[in-house]
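got a sequence here, can you build the structure:
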Amino acid sequence: MTGAAGPVAVVVPCRNEARYLGGLLDALFAQTRLPDEVVIVDDGSTDGTAVAATEWARQRPDLAVRVVPGPGRGPAAAMNAGIRATEAETIIRLDGHSIPAPDYVDHCVHTLASAGGDAIVGGVWEVRPGDESPTAAAIAAVVSHPLGSGGAAYRQGGVGRDVETVPFGAYPRSLWESLGGYDEALAVNEDFDFNYRARRAGHRVVFEPSIRAVYFARPTLAALQLQYGRYGFWKRQMLRKDPRALHGRQVPPILVAPWLALVAALTILMPGPITGALAMLYPVGVLAGGVWIGAVRTVNPLAAAMALAIVHLSWSVGFWRGVFTAAR
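Numbers count the residues shown, from 1 in each chain. Below is the predicted model:
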């Protein structure tokens, strides 16, 4: 494959990723095309993330790894700080709890060149459980299934094409500069916003399935609830900037919380077989979805149903919390 048109830096914004960081750095050290630099942005970790990265770098000096402090305001500000800390012409973003395939950097560079250089490229997340429990396995199955992800290409795979967003992303530094960097007002959804603004500015966002990385899902239902509640809340904040950023597949989960509230009110005020049937629609649908995912992905169907309900409801409640917060 062709080399990059200049130095390549992998920038990793992370907070409390000591558990996963060694696996990420091992994977980068095994790349068929080594990055010229790895910038770890430690954004206020309390678990020894910076120490773990520094110790790894001391033992393997053949890969240039630097640890820089982040401003402690989330991944958007951390990414901006990491990119400012390097002079590389090509930026590849990765997360601390990811493991890129051995040819990840090579494919990113090649796809970026094929796309004309002035684009954002990314690939497939292979979602794996955050630990060895049956619940973690069910969570990983749900967030990588169309019922839980809405059919996002990077979670399902498919053929290469232009898409609305890709995970992580590789792009020229000049594109980051032209967009003014990541929006530091967004604590979540900053990557979708970055890709959205790139598309609005006329740049391509390219999904290439040969670019593959392992992503570890949340290990518990409580962690999943917090994650998707934040996703929904910050999606609303992003839409305050530009309502056109709403995708059709995000409309159904927005309606989950108001639908359940409406059905509950009707059931109390007008009890009867019709309202009772309406009240059962969503629970039965979620249970059926859990059974389907459990059968296809060989995970516990009840845990899958619970995870599916949490994904939908947490995202919806988070979104409407953002609506009412803005109204106040």
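
so Thr267 makes contact with Gly276?
Yes. Using Cβ atoms under 8 Å, Thr267 makes contact with Gly276 at a distance of 6.7 Å. The C-beta positions use only the backbone N, C-alpha and C, and glycine is treated the same way.

which of the two has more residues huddled nearby?
Per other Cβ atoms under 10 Å, whichever of Thr267 and Gly276 has more neighbours is Thr267, with 16 against 12.

got the buried residues for the longest strand seen in the chain?
For the chain, the strand that runs over the most residues, judged by DSSP state E, is strand 204-216. Buried residues in strand 204-216, counting neighbours by 16 or more other Cβ atoms under 10 Å, are found at 205-209, 211-216.

so what secondary structure elements neighbour it?
The criterion is 3 or more Cβ pairs under 8 Å, 6 or more residues apart in numbering; DSSP states H and E, and the helices and strands that strand 204-216 contacts are strand 98-100, helix 104-114, strand 119-128, strand 161-162, helix 190-200.

and the helix or strand just after the fourth one, how far out from the chain middle?
The one in question is strand 161-162. Next helix or strand after strand 161-162 toward the C-terminus (DSSP states H and E): strand 170-172. For strand 170-172, the distance from its own C-alpha centre to the chain's C-alpha centre is 17 Å (Cα atoms, centre = their mean, to the nearest Å).

strand 170-172 - contacts with which helices or strands?
Contact partners of strand 170-172 among helices and strands, from 3+ Cβ pairs under 8 Å, 6+ apart: strand 90-93, helix 104-114, strand 119-128.

out of the ones you listed, nearest to Gly229?
Gly229 lies closest, by Cβ to Cβ, to one member of those: strand 119-128, at 19.2 Å.

run through who's touching that closest one.
104, 107-108, 111-112, 115, 140, 143-144, 154-155, 157, 166-171, 175, 194-195, 198, 203-217 (Cβ atoms under 8 Å, 6 or more residues apart in numbering).

which positions within that strand qualify as buried?
By neighbour count, and taking 16+ other Cβ under 10 Å as the criterion, the buried residues in strand 119-128 are 119-127.

just stretch 316-328 next, same as before
Within stretch 316-328, the residues that count as buried by 16+ other Cβ under 10 Å are 316-320, 322.

quick one: low-confidence parts of the stretch 1-150 of the chain?
Scanning the stretch 1-150 of the chain for pLDDT under 70 picks out the ranges 1-5.

strands of that one, residue ranges please.
Counting by DSSP state E, counting those that start in this stretch, the stretch 1-150 of the chain has these strands, from start to end: 8-14, 37-42, 65-69, 90-93, 98-100, 119-128.

most tightly surrounded among these?
By mean neighbour count, with neighbours taken as mean count of other Cβ atoms under 10 Å, strand 8-14 ranks first of the strands of the stretch 1-150 of the chain at a mean of 27.

what's the angle from that one to helix 104-114?
In this structure, strand 8-14 runs at an angle of 120 degrees to helix 104-114, with axes from the mean of the first three to the mean of the last three Cα atoms, to 10 degrees as the basis.

re the thing from before, now render the helices and strands packed on strand 170-172 as a markdown table, adding distance to Leu302.
Output for these, formatted as a markdown table (distance: least, Cβ to Cβ, whole Å):
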| stretch | distance to Leu302 |
| --- | --- |
| strand 90-93 | 36 |
| helix 104-114 | 36 |
| strand 119-128 | 20 |
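
and the gap between Ala288 and Leu186?
Taking Cβ to Cβ, to the nearest Å as the measure, Ala288 falls 35 Å from Leu186.

ok, those two, which is more surrounded?
Of the pair Ala288 and Leu186, Leu186 is the one with more neighbours under other Cβ under 10 Å, namely 21 against 14.

so who does the more buried one touch?
Residues touching Leu186, when contacts are defined by Cβ under 8 Å, 6+ apart, comprise 74, 76, 193, 234, 237-238.

swap in Ala76?
By Cβ under 8 Å, 6+ apart, the neighbours of Ala76 are 182-187, 190.

so among those, where is pLDDT lowest?
Lowest in pLDDT among the contacts of Ala76 is Ala187, which has 84.

skipping its backbone neighbours, what lies nearest it in space?
Taking Cβ to Cβ, 6 or more residues apart in numbering as the measure, Ala187 lies nearest to Gly74, with 4.2 Å between them; neighbours along the chain are not counted.

tell me how many other residues crowd the one you found.
Other residues near Gly74 number 21, with proximity taken as other Cβ under 10 Å.

do I have it right that it meets Glu190?
Yes. Counting by Cβ under 8 Å, Gly74 does reach Glu190; the two are 7.3 Å apart.

ramachandran angles for Asp36?
Backbone torsions for Asp36, taken as degrees, to the nearest 10, come to phi -70, psi -20.

over to Met270: give its phi and psi.
The main-chain torsion angles of Met270 are listed as degrees, to the nearest 10 and equal phi -130, psi 70.

neighbours around it, how many?
Here the neighbour count serves as a burial measure; for Met270 (other Cβ under 10 Å) it reads 9.

mind listing what's buried in the helix or strand hosting Ala223?
Secondary-structure assignment from DSSP H and E places Ala223 in helix 221-241. Within helix 221-241, the residues scored as buried using 16+ other Cβ under 10 Å are 221, 224-225, 227-239.
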